[in-house]
Structure formats: C-alpha cells, structure tokens
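*Asks:* Let me see the structure of the following:
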Amino acid sequence: MDKSDAANQNAKSMSIIITKGTLDWAYPPMILSTTAAAMGLNVTMFFTFYGLQLLKKKLDLSITPLGNSAMEMPMAGMHMQMPNMLAMLPGATAGATAMMKNMLKKKGVASIEELREIAVESDVRLIGCQMTMDLFELKRDDLLDDIEIGGAATYIETATKSDINLFI
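*Replies:* Sure thing, here's the model as predicted:
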C-alpha cells in the first residue's frame, strides 16, 4: 500500500442520500459533496427516488414555487415572495425556473452539470438506486457512464463506515 492509499483509508468520509430531483434541491448535495471532496473527504452519494433524475445524461431541471413558502427572489431592490395563488398559474414553474437559472448565472454559481463533472473528477462515488431504476423504468443508458448502480444495502454498507451521513 502506497502513501496515497493509506491517506485515503484514514481520510474522513461522508455519505449523502439524495431524494429530490429539482433544480433547487440539486444544489445542496452537489455543493456539499464537491466541497467535502476538495477538503480530502471520501464522499459517496446515493441517488434514490426523484433524486435519481440528477444522474440522467440529459438534465432538464426545474424549480416549483408552489408550496415553497421560503422561496424569495430578489426583485426591484427587495425580496419578493410569490403567493401560492400565483404559483399555481400556468407558466409559474417555467418563470421561476428561468429566474433561478438567471440568478445563478449572474452570481457565477456553477451549473449542476458542472458540479457533477467536478464530483466525477474528484472521485466522488455516485450510486444510482437499482430499485428506483426498476420502479421508474429507467435504463442504464439513460444515466451517466461514471456511476455505480446499487441498492439500499450498498448505501448502508457505506453509511455505517462514514463519519458524516446526510439525507437531502
């Protein structure tokens, strides 16, 4: 065993379960995982249920303001909250998604595609849930090439050895 293997074995580790597949819910696990990897942690991400959408080769993520009472967007020099009555109107999801993507771009925040690429380059272990693939009839070819496929036991085996476990 060389020095880098020994350092890897002694490194702190973090596992994250990702269950949501919208644009706003994609950022927390991607930013936390890539930051942890940059800090030398061994990171595993387990994508299940709607979170599996984040491993698709082609992403078309949106954000919904409906029922998201914490969603405030900076507009006209203040922070505006969209009332649920407006959020349910046709086009509200598309409008909120466009606003969020524009704000992310203006602030220089990396895209989810870029963060996924950084995760792969940083040796973050990405696991797609086999049961979810079966449930939603997703094929292996629908997902990124640089991932593993596994089930709950695969994740639990990792989580029991991790220093940090997050559910997002």
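
*Asks:* Next, Asn165: phi, psi?
*Replies:* Note on Asn165: backbone dihedrals following degrees, to the nearest 10 are phi -130, psi 130.

*Asks:* now the helices for the chain?
*Replies:* Secondary structure of the chain (DSSP state H): helices at 3-10, 23-38, 84-87, 92-106, 112-121, 130-135, 152-159.

*Asks:* Let me know the average pLDDT across the second one.
*Replies:* Looking at helix 23-38 alone, the average pLDDT works out to 96.

*Asks:* Over to stretch 143-161?
*Replies:* pLDDT averaged over stretch 143-161 gives 96.

*Asks:* Show me what counts as buried in it.
*Replies:* Applying a neighbour-count criterion of 16 or more other Cβ atoms under 10 Å, one finds 143, 147, 150-151, 154-155, 158-159 buried in stretch 143-161. Bear in mind the C-beta positions are built from the backbone N, C-alpha and C, glycine included.

*Asks:* what residue is smack in the middle of this structure?
*Replies:* The C-alpha lying nearest the average C-alpha coordinate of the chain belongs to Ala26 (Cα atoms, centre = their mean; 3.5 Å).

*Asks:* how about JSON lines for the buried residues of stretch 143-161, with distance to Thr132 added?
*Replies:* As requested, these are exported to JSON lines (distance: Cβ to Cβ, whole Å):
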{"residue": "Leu143", "distance to Thr132": "11"}
{"residue": "Ile147", "distance to Thr132": "13"}
{"residue": "Gly150", "distance to Thr132": "11"}
{"residue": "Gly151", "distance to Thr132": "9"}
{"residue": "Thr154", "distance to Thr132": "13"}
{"residue": "Tyr155", "distance to Thr132": "12"}
{"residue": "Thr158", "distance to Thr132": "17"}
{"residue": "Ala159", "distance to Thr132": "17"}
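
*Asks:* tell me which of the residues you listed is nearest to Asn165?
*Replies:* Asn165 has its nearest neighbour among these in Ala159, at 5.1 Å by Cβ to Cβ.

*Asks:* So the closest one is in contact with Leu166, correct?
*Replies:* No. The criterion here is Cβ atoms under 8 Å, and Ala159 misses it with Leu166 at 9.9 Å.
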